[in-house]
Structure formats: structure tokens, C-alpha cells
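Colleague: I'll drop the sequence and a predicted model, then ask my questions.
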Amino acid sequence: MGGHSHWAGIKHKKAIVDAKRGKVWTKISREITIAAKMGGGDPGFNPRLRRAVDDAKAANMPAENIKRAIMRGTGEIPGVVYEELTYEGYGPAGVAILVEVTTDNRNRTGSEIATLFTKNGGNKGEAGCVAWMFKPKGFVSVPKAQVKDEDTLIGQALDLGADDVVTDADESYEIYTDPKDFEKVRDGLKAANIPVSAAELTMKPDTTVPVDEANAPKVLKLIELLEEHDDVKNVYANFDIPDQVLSKLG
């Protein structure tokens with residue numbers, strides 16, 4: 001799993017984008033609204049809504065904003081009707097890219113996503129062209145510096161239901177789960193006083209594409225532009241950029 005062993009470096013770049021708080025709140029608000037519409041407005045009985053509310057609290061979204069987003073989803077107050085779509089395509093160096101969006105205008109969003117691909121060395125493909133390369137997974141990151149014993153951590157994670165623990169990343173242990181076991185593993189680690197630096201549902205590529213120093217900036221630029229789009233919720237890709245290349249890019 002070379003590609004995701006470099007996830008921390010990519011996440012650092014994503015954190016810079018996500019620092020634009022207003023945009024983060026907008027995206028989380030949409031997710032809360034859709035989750036409430038699909039599964040009801042009680043986080044206790046709606047795991048997707050519970051995760052979205054947790055994300056909102058982590059982003060310091062005011063409680064009133066969360067409440068309004070839920071009420072829009074349940075129909076208690078009027079709001080824009082959103083739909084979820086996934087776009088697929090290829091970036092520079094043949095990197096496979098999945099783009100999850102939440103939009104109130106699929107024609108506009110589809111056109112804008114296609115333009116981002118074509119203007120940045122890639123191309124938007126047909127439905128199904130790359131989705132088969134990815135599998136849904138839960139992802140939990142634990143800082144290596146705060147773990148006293150690696151074997152103990154691995155044993156605890158597997159006992160809680162984790163599928164895999166990746167140990168070759170520089171700064172963190174990366175724990176993967178079946179999506180249905182994600183919350184159990186995350187919460188179990190926290191209950192055992194194991195520090196969790198990141199936890200999310202993700203799409204993990206089955207195979208990765210090596211990306212050299214010449215193409216790395218192009219790939220990262222396309223990923224960043226896609227993530228900055230107002231309608232984009234998540235971007236997943238199967239690139240493998242060596243740590244030494246990432247460190248040069250800063």
C-alpha cells in the first residue's frame with residue numbers, strides 16, 4: 001500500500017485548503033442536510049449524520065448552524081435540494097481520480113469538473129472507468145511519536161476489528177477497517193487512550209501509480225483545484241509520490 005503510506009503528506013496539503021473555514025462549514029452543512037434527509041434527523045440512529053455532526057463540531061461550526069442544516073434535511077425548514085454524484089477520470093501520469101460532489105445543478109458542476117481535468121493535464125472519463133480500482137474503507141491515523149509499543153497497538157487495533165495496520169509511514173500508523181467497523185475501531189482506540197490524529201471514511205486504491213518528481217506538482221495541483229471546488233466533498237486518487245519528492249514540494 002505504498003500510495004496511502006504517503007497519505008499524511010497529502011493530508012497536510014489538504015489541511016491548508018481546508019483552513020478556509022467558511023468553505024469547510026458550507027461543505028459540512030451540505031453533508032449534514034443530505035445525511036438527515038436520507039436517514040432522519042437523530043444522530044443516535046443515523047451513523048452518517050453522527051459523523052457529519054462530529055466533523056462540524058471539530059470544525060467549530062456553531063450549534064445553530066448544525067441544527068438548521070438538520071432541519072433542512074428533514075424538511076422542517078425550506079432549503080436547496082442537493083444530489084450526490086461521483087465523477088471519474090485520469091490525471092497526469094495516468095493517476096486514477098474519483099471526485100465525490102454534492103450539487104444543486106449537476107450540469108454546471110459536471111462541466112466545471114471536466115474543465116478542471118482538461119486544463120490540468122487530465123481528462124474526465126465515463127462512469128465506471130476508475131471506480132473499480134477503489135474500495136470503501138475506514139481510515140484511522142495514530143501518531144508514531146505517541147505510541148510506546150507498536151505490537152500492542154497492532155494487537156489492539158486488530159482485536160477491535162481493524163483489517164490492516166500499515167507501519168511503514170514515516171510519522172503515523174495507518175489503520176484500515178471495513179466501513180461498518182470504522183466507529184467501533186476509532187472509538188475503541190480512543191477509549192484505550194490511544195491518540196487518534198485523523199479518522200474518516202475513505203476510498204482506498206487497490207493499486208497505485210508511481211509519480212516522479214516532474215509529474216508530482218501537476219498531480220497535486222489538479223487534486224488541490226478539485227478539492228477547492230465548492231461542490232466537491234471528497235477527492236480520492238491512486239498516486240504514489242515518494243516522501244523525498246513530497247518534502248521538496250513543501
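Modeller: Perfect, I can see it now.

Colleague: so what's the residue lying closest to E88 once chain neighbours are set aside up against?
Modeller: Counting by C-beta to C-beta, 6 or more residues apart in numbering, the nearest residue to E88 once its immediate chain neighbours are dropped is V130, at 4.7 Å. For the C-beta atoms, the positions are set from N, CA and C on the backbone; glycine is no exception. When contacts are counted by C-beta atoms under 8 Å, 6 or more residues apart in numbering, V130 is found next to 88-90, 96-98.

Colleague: now, which of those residues lie within strands?
Modeller: Within those, residues falling in strands by DSSP state E are 88-90, 96-98.

Colleague: which of those lies closest to N234?
Modeller: L98 (7.8 Å; C-beta to C-beta).

Colleague: residue ranges in this protein under the pLDDT threshold?
Modeller: 1-22, 250 (pLDDT under 70).

Colleague: how does it look with 90?
Modeller: By pLDDT under 90, the low-scoring segments of the chain are 1-24, 58-59, 79-81, 148, 166-172, 197-200, 228, 240-250.

Colleague: in the longest strand seen in it, what's buried?
Modeller: Secondary structure assigned by DSSP E gives strand 134-143 as the longest strand of the chain. Within strand 134-143, the residues that count as buried by 16 or more other C-beta atoms under 10 Å are 134, 137-142.

Colleague: same deal with stretch 115-126?
Modeller: Of the residues in stretch 115-126, those buried under the neighbour-count criterion (16+ other C-beta under 10 Å) are 116-117, 120-122, 124-125.

Colleague: same check on stretch 209-218?
Modeller: Buried residues in stretch 209-218, counting neighbours by 16+ other C-beta under 10 Å, are found at 209, 211, 215-216, 218.

Colleague: distance from that stretch to the middle of the chain?
Modeller: Here the centre of mass of C-alpha atoms in stretch 209-218, compared against the chain's by C-alpha atoms, centre = their mean, to the nearest Å, lies 21 Å away.

Colleague: just the CA trace of it, in CSV.
Modeller: Included here for stretch 209-218 are C-alpha records, laid out as CSV according to Å, rounded to 0.1, in the frame of the first residue of the first chain:
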residue,chain,number,x,y,z
VAL,A,209,0.7,4.6,-9.8
PRO,A,210,4.3,5.8,-9.2
VAL,A,211,4.6,9.5,-9.8
ASP,A,212,8.0,11.1,-10.4
GLU,A,213,9.3,14.5,-9.5
ALA,A,214,8.4,16.0,-12.8
ASN,A,215,4.7,15.0,-12.6
ALA,A,216,4.2,15.3,-8.8
PRO,A,217,3.4,19.0,-8.9
LYS,A,218,0.9,18.6,-11.7
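
Colleague: how close does A169 sit to V142?
Modeller: When distances are taken as C-beta to C-beta, to the nearest Å, A169 and V142 turn out to be 10 Å apart.

Colleague: what is in contact with these two at once?
Modeller: Common neighbours of A169 and V142, counting by C-beta under 8 Å, 6+ apart, are absent.

Colleague: show me where this structure has helices.
Modeller: For the chain, the helices identified by DSSP state H occupy 2-5, 7-18, 21-39, 47-58, 63-74, 106-119, 150-160, 182-191, 216-228, 243-249, in order along the chain.

Colleague: and stretch 181-200, how far out from the chain's middle?
Modeller: Chain-centre distance of stretch 181-200: 16 Å, with C-alpha atoms, centre = their mean.

Colleague: what does it contact?
Modeller: With contacts defined as C-beta under 8 Å, 6+ apart, stretch 181-200 is touched by 11, 47, 50-51, 138-143, 146-147, 153, 156-157, 160-162, 172, 175, 177, 201.

Colleague: I am finished for the moment; much appreciated.
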